[in-house]
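Chemist: 3D, please:
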Amino acid sequence: MKKIGLATQIFIGLALGIVIGTIFYGNEMAMAILQPIGDLFIHLIKMVVVPIVVAALVVSIAGVGDIKKLGKLGGKTILYFEIVTTIALAIGLLTANIFHPGAGIEMGSIEKSDISSYEETAASSEEGSIADKFLHIVPTNFFQALADGDLLAIVFFSVLFGVGIAVSGEKGKTVLSFFDGVLEAMFWMTNLVMKFAPIGVFALIGVNVAKFGIGSLIPLGKLVIVVYATMFFFVFVVLGVIAKWAGTSIITLVKILKDELILAFTTASSESVLPRLMAKMENFGCPKAVTSFVIPTGYTFNLDGSSIYQAIASLFIAQMYGIHLSIFEQITLLLVLMLTSKGMAGVAGASFVVVLTTLGAMGLPLEGMAFIAGIDRILDMLRTSVNVVGNALAAIVMSKWEGEFDKEKAARYTASVKSKQNNVAS
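Modeler: Alright, predicted model coming up:
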């Protein structure tokens, strides 16, 4: 009997979730049963992510050894992230100006959702100066940062700790070996957690369809189409050009990441694919030191899909309320988004909170986000997948920039993946 692959199992879970959610639309008991199952899967994912981020950063930084080389890699990586996410934001604003997804929306035909928890988070993030936001990056208690899942603080500490191990010489090798072992153990745990993925996807999709219904898509259909079309354009044109420069193809990258992209799409959680993504990019010819640094850091600073969504959603709200923003105001909006999107890494519902914070800073009506909340899950699914592709490509770009990308290894791995896919198809 032929074994069903993970991607197929997830698709089955997705389809069954939609069917069950549609059948039990509005049924509180069905939602009460499904919600804990979906939450359990998300909790399992979050359980392994933070140890992986810490171990991966420590291993990559301490493994490089050369502090000068590490500084160059870090500088180039942050520069690349900033350029690409700014392009993503600009494309999102341009698309919203061309297609006007918020124009002509009858607000009375859309059900409002409760966004009070997001508003509280956005309000707390607005308090304090820019200096306070920078201070927040430095944790006063690293273990508290771990408990809170504060990625910016975790990344900051892990980078410094890795540098400390690197300059400790022989004594540091024991610590490095320990974290290398932690990383391998967490990869094993992740593979175990992934066996639960189809059931988790079934529950997560089922409860969302049961709560909001398929009908919630209809009034906001234009917004969904614009966001999806823009993200496809960004991946296959913008990232496609970057991939070609890096000596690969975006189509090839999407093919080798098929399982991870399906998982990210159905769970709307990029954390669910972090370990598998790192392993695949190593197999694709990126050195471990680069992959283990670039990808975890990218989960904080390089969220291309989220950037596109944030730009379009901000203009959508303005258009829905008939508020015209001048070119100068839209440039200001772009700058605000560049700042707020970096400061929200690790916050629950980060993209939603970023838009709320940006609307507040621009004097736009916050209550407009209550109309989008019902379809946010649909938008989150694709923006998560785009984030995954963007970070995978970033590892390749940085590997080439450092002159360490192994094209022959990439070609061998691509051939092996195609062979496996052909065997499954036959």
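Chemist: drop to CA atoms for contacts and neighbour counts, all remaining ones
Modeler: Noted.
Chemist: how far does the biggest helix by length in the chain sit from the chain's center?
Modeler: Looking across the chain with DSSP state H, the single longest helix is helix 28-64. Distance of helix 28-64 from the chain centroid (C-alpha atoms, centre = their mean, to the nearest Å) equals 13 Å.
Chemist: In the chain, where is pLDDT below threshold?
Modeler: The model of the chain has pLDDT under 70 over residues 1-3, 64-66, 106-134, 215-219, 342-350, 421-426.
Chemist: distance of the residue of it positioned farthest from its centre from residue 84?
Modeler: Going by C-alpha atoms, centre = their mean, the residue of the chain most distant from its centre is residue 170, 37.0 Å out. Distance of residue 170 to residue 84, computed by C-alpha to C-alpha, to the nearest Å: 39 Å.
Chemist: With residue 270 instead?
Modeler: Counting by C-alpha to C-alpha, the gap from residue 270 to residue 84 is 18 Å.
Chemist: try residue 173
Modeler: 36 Å.
Chemist: Mind checking which of those two has more residues around it?
Modeler: residue 84 (20 against 15; other C-alpha atoms under 10 Å).
Chemist: list the contacts for the more buried one?
Modeler: 302, 304 (C-alpha atoms under 8 Å, 6 or more residues apart in numbering).
Chemist: That one sits in which helix or strand?
Modeler: helix 67-99 (DSSP states H and E).
Chemist: Pull out the buried residues from that helix.
Modeler: 70, 73-74, 77, 80-82, 84-96 (16 or more other C-alpha atoms under 10 Å).
Chemist: try stretch 232-246
Modeler: 232, 234, 235, 236, 238, 239, 240, 242, 243, 246.
Chemist: gap between the nearest residue to the last one once chain neighbours are set aside and residue 403?
Modeler: Sequence neighbours aside, residue 397 is the residue nearest to residue 246 in space, at 5.6 Å (criterion: C-alpha to C-alpha, 6 or more residues apart in numbering). Noted for residue 397: a distance of 10 Å to residue 403, by C-alpha to C-alpha.
Chemist: the more surrounded of these two?
Modeler: residue 397 (23 against 9).
Chemist: Tell me which residues touch that one, please.
Modeler: 242, 243, 246 are the contacts of residue 397 under C-alpha under 8 Å, 6+ apart.
Chemist: Pretty sure residue 250 is one of the things the second one touches, is it not?
Modeler: Yes. Shown here, residue 243 and residue 250 form a contact pair, counting by C-alpha atoms under 8 Å, at 5.7 Å.
Chemist: show me the contacts for residue 82.
Modeler: Neighbours of residue 82 in contact, by C-alpha under 8 Å, 6+ apart: 301, 302.
Chemist: Just the element for the residue nearest to residue 246, please.
Modeler: Counting by DSSP H and E, residue 397 is part of helix 376-401.
Chemist: Determine how far that helix lies from the middle of the whole chain.
Modeler: On C-alpha atoms, centre = their mean, the centre of helix 376-401 falls 7 Å from the chain's centre.
Chemist: quick one, it and helix 67-99 angle?
Modeler: Interaxial angle, helix 376-401 versus helix 67-99 (axes from the mean of the first three to the mean of the last three C-alpha atoms, to 10 degrees): 140 degrees.
Chemist: what does the strand or helix carrying residue 244 rub up against?
Modeler: Element membership for residue 244 (DSSP H and E) is helix 239-245. Defining contact as C-alpha under 8 Å, 6+ apart, one finds that helix 239-245 is touched by 249, 250, 390, 393, 397.
Chemist: quick one: contacts for the second one?
Modeler: Counting by C-alpha under 8 Å, 6+ apart, residue 250 touches 235, 236, 239, 240, 243, 244.
Chemist: Next, find the distance separating residue 407 from residue 151.
Modeler: For residue 407, the distance to residue 151 - C-alpha to C-alpha - is 32 Å.
Chemist: Which one's more surrounded, those two?
Modeler: Comparing residue 407 with residue 151 by neighbour count (other C-alpha under 10 Å), the higher total belongs to residue 151, at 23 against 15.
Chemist: the helices in the stretch 101-250 of the chain, which residues?
Modeler: Taking DSSP state H, counting those that start in this stretch to define them, one finds helices in the stretch 101-250 of the chain at 116-126, 130-137, 142-148, 151-166, 170-194, 197-212, 221-233, 239-245, 250-256.
Chemist: dump the residue contacts of residue 209.
Modeler: 17, 18, 21, 22, 25.
Chemist: Of the residues you listed - the most surrounded one?
Modeler: Busiest of the contacts of residue 209 [other C-alpha under 10 Å] is residue 21, holding 28 neighbours.
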